[in-house]
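Participant: Take a look and give me a structure for this.
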Amino acid sequence: MPETPANNSEKHFKYLDSARGIAALMVFGSHLIARTYQEKMNVRYFFLVFNGNDAVSFFFVLSGFVLSYKYIVLGKPLDVKKFYVARVFRLFPAYFLIVLWSALYTYRNEMSVQTLRDLFIFNKYEFWEEAFLLHFHNKFYYPGWTLTLEMVGSFLMPFYIALALKNKRLIPYFIVMTLIIGNNLMFSYLFLFGVVASCNYDAIAGPSFRETKWFKYRYPILIGAMVLFSIRQIDGISPLGPSYKYLAGYLGIDFFTYTGLACFVFLVAILHSKRAQRFLENKVLVYMGKISYGVYLVHVVVINTVYLYTEKYLSGPHPVASFFLIAGLCTLCIVAVSTILHYCVELPFMRLGKRIAGKMKPSLVIGRDSD
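Facilitator: Residues are numbered from 1 along each chain as shown. Below you'll find the model as predicted:
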């Protein structure tokens, strides 16, 4: 999810925008295909590679990296209150609009003044809990749980950055601690994987990385990461068994643990590989990265809306051809709506958040020279 480092590093990290855009498209594609063909075995094999279910792990790992980069690598001071204001204005306005859209879509067939009162005034359907990301209420917009985690991770990030600046070797130990604690501290370890990448960015991106003991095993490590990234889909095709599930439940490990580690490996590979960076700096991919937050937010509502008027054609004489036409229509609509959302909602509120933060008095400041 959003967003890449700003100022002098923004151009350098366009390839991370693209990587996030690809992950958002994977989520969209998997939800689109699963809606019609989820039970087909060949689709399950397809999801081994096109694994949208676990692309959210990459969002969180990437967020951990990009949110910590300019403070850990560039050494800029972090004003905690201003950081929080900027993140709220970055994440919340577009999300609120999508939850509102989803709620109105849900009750489209019974819309009345009383329905609107029950929804927005009497809060009969717990709209406001979901709109304000409280208690994992996701009745109207089910991917909203990831936005709750993104917000929680953002609010924990100053602590992680302070910990890394104190001693970067503490971060791996903290990852282990969060895995041991119940509920894994709201998936904190995924963000911490990104912080580890920030702490070691100079070594990863530099030529000396080729001399490390890890580099000569890069291909087996990448293959292993691909397997870990698809472990949820592997379990769906060939269950790992009750013994594994008992052990994993006992240790508090779930599939996101594996996919988070895999996404950390992918991030390290991208940060080091100039070839991968050149590929990802394709203009189309960069643009998809620019609107990727919108793609992630709107794809479910757009799919539902398009299917509302077109699903009947899937039962016609050419269901496969109809599906691809519907998929193309969904793609065009998602790109169009995401573009509008980016330029009319995301960017204006990001600028507003920066203006508000710029006028605020300094609060708790975290940096190399701070106490």
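
Participant: Just give the closest residue to S68, not the sequence neighbours.
Facilitator: Counting by Cβ to Cβ, 6 or more residues apart in numbering, S68 lies nearest to S198, which is 4.3 Å off, once chain neighbours are set aside. The C-beta positions use only the backbone N, C-alpha and C, and glycine is treated the same way.

Participant: likewise P362?
Facilitator: Spatial nearest neighbour of P362, excluding adjacent residues (Cβ to Cβ, 6+ apart): D79 at 5.8 Å.

Participant: can you pull the contacts of that neighbour?
Facilitator: Contacts for D79 (Cβ atoms under 8 Å, 6 or more residues apart in numbering) come out as 357, 360, 362-365.

Participant: Report all helices and strands that whichever strand or helix holds the residue nearest to S68 contacts.
Facilitator: Assessed by DSSP states H and E, S198 sits inside helix 184-199. Contact partners of helix 184-199 among helices and strands, from 3 or more Cβ pairs under 8 Å, 6 or more residues apart in numbering; DSSP states H and E: helix 55-72, helix 144-166, helix 170-180, helix 255-272.

Participant: Which strands or helices does the last one pack on?
Facilitator: If I follow you right, that is helix 255-272. Looks like helix 255-272 contacts helix 14-37, helix 55-72, helix 184-199, helix 201-205, helix 218-229, helix 231-237, helix 274-280 (3+ Cβ pairs under 8 Å, 6+ apart).

Participant: rewinding a little: report the contact partners of the residue nearest to S68.
Facilitator: Taking Cβ under 8 Å, 6+ apart, one finds 64-65, 68-69, 72-73, 164 in contact with S198.

Participant: tell me the two of those residues that are most distant?
Facilitator: G64 and V73 (13.0 Å; Cβ to Cβ).

Participant: Those two: which has the busier surroundings?
Facilitator: Counted by other Cβ atoms under 10 Å, G64 and V73 do not tie: G64 has more neighbours, with 31 against 18.

Participant: measure the more buried one to Q233 for me?
Facilitator: Taking Cβ to Cβ, to the nearest Å as the measure, G64 falls 24 Å from Q233.

Participant: got it, and Y293?
Facilitator: Distance, Y293 to Q233, using Cβ to Cβ: 25 Å.

Participant: out of these two, which sits in the more crowded spot?
Facilitator: Between Y293 and Q233, counted using other Cβ under 10 Å, the more crowded position is Y293 (26 against 20).

Participant: Look at that one and tell me its secondary structure.
Facilitator: helix (DSSP: H, G, I helix; E, B strand; the rest coil).

Participant: Just to check, it is in contact with L347?
Facilitator: No - the criterion here is Cβ atoms under 8 Å, and Y293 misses it with L347 at 11.0 Å.

Participant: And for the closest residue to Y160 other than its chain neighbours, the neighbour number?
Facilitator: Among residues not flanking Y160 along the chain, V195 sits closest, at 5.2 Å (Cβ to Cβ, 6+ apart). V195: 27 surrounding residues under other Cβ under 10 Å.

Participant: Now do the same for the residue nearest the centre of the chain: its pLDDT.
Facilitator: Nearest to the geometric centre of the chain sits F59, at 2.8 Å (Cα atoms, centre = their mean). At F59, the pLDDT value in this model is 95.

Participant: Relative to E129, how far out is it?
Facilitator: Counting by Cβ to Cβ - F59 and E129 are separated by 23 Å.

Participant: quick one: low-confidence parts of the chain?
Facilitator: The model of the chain has pLDDT under 70 over residues 1-12, 38-41, 182-186, 368-371.

Participant: Go ahead and confirm S68 touches Y160.
Facilitator: Yes - the criterion here is Cβ under 8 Å, and S68 meets it with Y160 at 6.8 Å.

Participant: of those two, who's got more company?
Facilitator: S68 (28 against 23).

Participant: list the contacts for the more buried one?
Facilitator: 157, 160-161, 164, 194-195, 198.

Participant: Let me have those in TSV, adding distance to F266 as columns.
Facilitator: TSV is the format used below for the contacts of S68 (distance: Cβ to Cβ, whole Å):
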residue	distance to F266
M157	21
Y160	20
I161	22
A164	21
G194	12
V195	16
S198	15
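
Participant: Near A248, how many other residues are there?
Facilitator: Neighbours of A248 under the rule other Cβ under 10 Å: 15.

Participant: and if you look at F58?
Facilitator: Neighbour count for F58, taken as other Cβ under 10 Å: 27.

Participant: now do the one 5 residues further on
Facilitator: The number of residues packed around S63, counting by other Cβ under 10 Å, is 23.

Participant: From what I see, it and L192 are in contact.
Facilitator: No - the criterion here is Cβ under 8 Å, and S63 misses it with L192 at 10.9 Å.

Participant: separation between H135 and L308?
Facilitator: From H135 across to L308, the span is 29 Å (Cβ to Cβ).

Participant: let me redo that: Y201
Facilitator: Separation of Y201 from L308 (Cβ to Cβ): 46 Å.

Participant: Looking only at neighbour counts, state which of those two leads.
Facilitator: Shown here are Y201 and L308; by other Cβ under 10 Å, Y201 has more neighbours (18 against 11).

Participant: Phi first, then psi, for the nearest residue to the more buried one once chain neighbours are set aside.
Facilitator: Closest residue to Y201 apart from its sequence neighbours, by Cβ to Cβ, 6+ apart: V73 at 5.0 Å. Note on V73: backbone dihedrals following degrees, to the nearest 10 are phi -90, psi -50.

Participant: Quick check: V73 touching D202?
Facilitator: Yes - between V73 and D202 a contact is recorded at 7.1 Å, counting by Cβ under 8 Å.

Participant: hang on, the earlier thing: which one of the contacts of S198 is nearest T339?
Facilitator: F65 (25.6 Å).
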